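K.L.:
Predicted model follows, preceded by the sequence.
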Amino acid sequence: MVMLETPRLVLRRWRADDVVPMAAVNADPEVMRWIGDGSVRDVQQTRRGIEAAEREWDRQGFGLFAVEIRSTGELAGFTGLSVPEFMPELLPAVEVGWRLGRAYWGQGLATEAAAAAVRFGFEDCGLGRIVSIVQLDNGASERIMTKLGMHPVGEAVDPSCGRRVRVFELSSDQYVTTTR
């Protein structure tokens, strides 16, 4: 079972008791503002999302981690790697993404979690490149991507919702150069 630890976080596979706290994150309109069309998600949709993430782990050997606060054991949200099937023009690709509850914003936790996921992708999974997709005007997520060493490589339209997005990328060679 894959588990990563950072100074403040535990990144782990999902458990049944994660559904309700993750559903609370997904029910917040401010959290969901930059996700797809901005719609919130209920408990059933959250459960299906977690089940899909677990299937991706089984199929790909990577997936979305539940992000837990080490000091309290609280579920803060998720980070991890997934195949961005909603944007077929990027394939083959693996995307790093994150979603944390509002109580955890502004503390560097998303960057800390995403950096661990990127490290896992390159060092443990042997990926050649990792992308990240952000809706235009989502400056907070763009800052995280920049902190991860990623750089913009183009813009597109997310066909799932019609919103414009910017694609960032980091190659394994760039990752090695930035971590030395």
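P.N.:
Ah, there it is.

K.L.:
Isn't R41 up against G49?
P.N.:
Yes: with contact defined as C-beta atoms under 8 Å, R41 counts as touching G49 (7.1 Å). For every residue, glycine as well, the C-beta is placed using N, CA and C.

K.L.:
any common contacting residues for those two?
P.N.:
Taking C-beta atoms under 8 Å, 6 or more residues apart in numbering as the contact rule, R41 and G49 both touch N26.

K.L.:
Burial check on V157, number of neighbours?
P.N.:
As a burial measure, V157 scores 12 neighbours (other C-beta atoms under 10 Å).

K.L.:
Count the neighbours of the nearest residue to R13 once chain neighbours are set aside for me.
P.N.:
Counting by C-beta to C-beta, 6 or more residues apart in numbering, M1 is the residue found nearest to R13 once chain neighbours are left out, at 5.9 Å. Residues within reach of M1, counting by other C-beta under 10 Å, total 5.

K.L.:
can you tell me how far G126 sits from V94?
P.N.:
11 Å (C-beta to C-beta, to the nearest Å).

K.L.:
So the two - more neighbours on which side?
P.N.:
Using other C-beta under 10 Å as the criterion, G126 and V94 rank with V94 on top: 20 against 9.

K.L.:
Just the buried positions in whichever helix in the chain runs longest, please.
P.N.:
For the chain, the helix with the greatest residue count under DSSP state H is helix 43-60. Residues T46, R47, G49, I50, A53, E56, W57 are the ones in helix 43-60 that count as buried (16 or more other C-beta atoms under 10 Å).

K.L.:
Could you do stretch 66-85 as well?
P.N.:
So for stretch 66-85, counting by 16+ other C-beta under 10 Å, buried means 66-68, 75-84.

K.L.:
now do the same end-to-end measure for it.
P.N.:
One end of stretch 66-85 to the other measures 21 Å (C-alpha to C-alpha, to the nearest Å).

K.L.:
Please compute how far that stretch lies from its chain's middle.
P.N.:
Computed by C-alpha atoms, centre = their mean, to the nearest Å, the chain-centroid distance of stretch 66-85 equals 8 Å.

K.L.:
Setting aside sequence neighbours, what's the nearest residue to A27?
P.N.:
Nearest residue to A27 in three dimensions, chain neighbours excluded: V40, at 5.0 Å (C-beta to C-beta, 6+ apart).
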